[in-house]
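In: sequence first, then the predicted structure, then my questions.
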Amino acid sequence: MSALIDLFKERSPRPLAIGKYLFHRDQTVDQMFMVHDGEIRLIRHQADGNEVILQRAYSGDLLAEASLFSERYHCDAIAATPSKIRALPKSSFLAALQTDLDLATFWAKRLAQEVQRARLRSEIVSLKTVAQRLDAWLAWNGDIPSKGEWRALAFEIAVSPEALYRELGKRRASSFSRP
């Protein structure tokens, strides 16, 4: 991780207010971004108006890694919390990968982990019920997030917020009814 952090450490963090866009779908990819502080989400808006969270990036995370080899972004990046990001020209990032074996190895490992996460998410959204999706998510992530994060969790497991709230309500009611 330090090879990646070292690449960005000379770049000054710039603020991004909650709800502000870092980039938009179809914008030209000319920079790579690392989250310095806060949370940035990659969001894809569906034809029916729903959002799908493709990535939640936190401090030290690279945002939209696959964009390194794309001409244009395929989603929007939005600050979920007050955040700070560091930016590096795409050309500089590519040059560093070509000259730094440790960085290139770390990058390959990181991308493999992202593929694993994408496959897990695909498995979760292939499940038929909200309960099954929530159980699968919990098996990998642990506890249910705080109430303020439920809407994001619903989008992450590809269910409506209302369906998730009903499922959480059922679970709460059944835990209270146990002796």
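Out: In hand now; what should we look at? In this text, all values refer to a predicted model and were calculated from it rather than measured experimentally.

In: which residues of the chain fall in strands?
Out: Secondary structure of the chain (DSSP state E): strands at 14-16, 21-23, 31-37, 40-45, 51-57, 62-63, 76-79, 83-89.

In: check the ones you listed for me: which has the lowest mean pLDDT.
Out: In terms of average pLDDT, strand 51-57 trails the rest of the strands of the chain, at a mean of 85.

In: that one: how far from the chain's middle?
Out: Distance of strand 51-57 from the chain centroid (CA atoms, centre = their mean, to the nearest Å) equals 4 Å.

In: show me what the helix ranked longest in the chain is packed against.
Out: Determined from DSSP state H, the single longest helix within the chain is helix 101-126. Contacts defined by 3 or more CB pairs under 8 Å, 6 or more residues apart in numbering; DSSP states H and E place helix 101-126 against helix 2-8, helix 90-99, helix 130-141. Placement of C-beta: from N, CA and C, glycine included.

In: next, the angle from it to helix 90-99.
Out: With axes from the mean of the first three to the mean of the last three CA atoms, to 10 degrees as the basis, helix 101-126 and helix 90-99 are set at 110 degrees to each other.

In: the worst-scoring helix or strand of the chain on mean pLDDT packs against which elements?
Out: Lowest mean confidence among the helices and strands of the chain (mean pLDDT, DSSP states H and E): helix 2-8, at a mean of 82. With contacts defined as 3+ CB pairs under 8 Å, 6+ apart, helix 2-8 has these neighbours: strand 31-37, strand 83-89, helix 101-126.

In: hmm, 7 Å instead?
Out: Applying 3 or more CB pairs under 7 Å, 6 or more residues apart in numbering; DSSP states H and E, one finds that helix 2-8 makes contact with strand 83-89, helix 101-126.

In: which of those has the lowest average pLDDT?
Out: Among the helices and strands packed on helix 2-8, helix 101-126 scores lowest, with a mean of 89.

In: for the most centrally placed residue in the chain, which non-adjacent residue is closest in space?
Out: Centrality entry for the chain: nearest residue to the mean C-alpha point is residue 55, 1.6 Å, by CA atoms, centre = their mean. Spatial nearest neighbour of residue 55, excluding adjacent residues (CB to CB, 6 or more residues apart in numbering): residue 42 at 4.1 Å.
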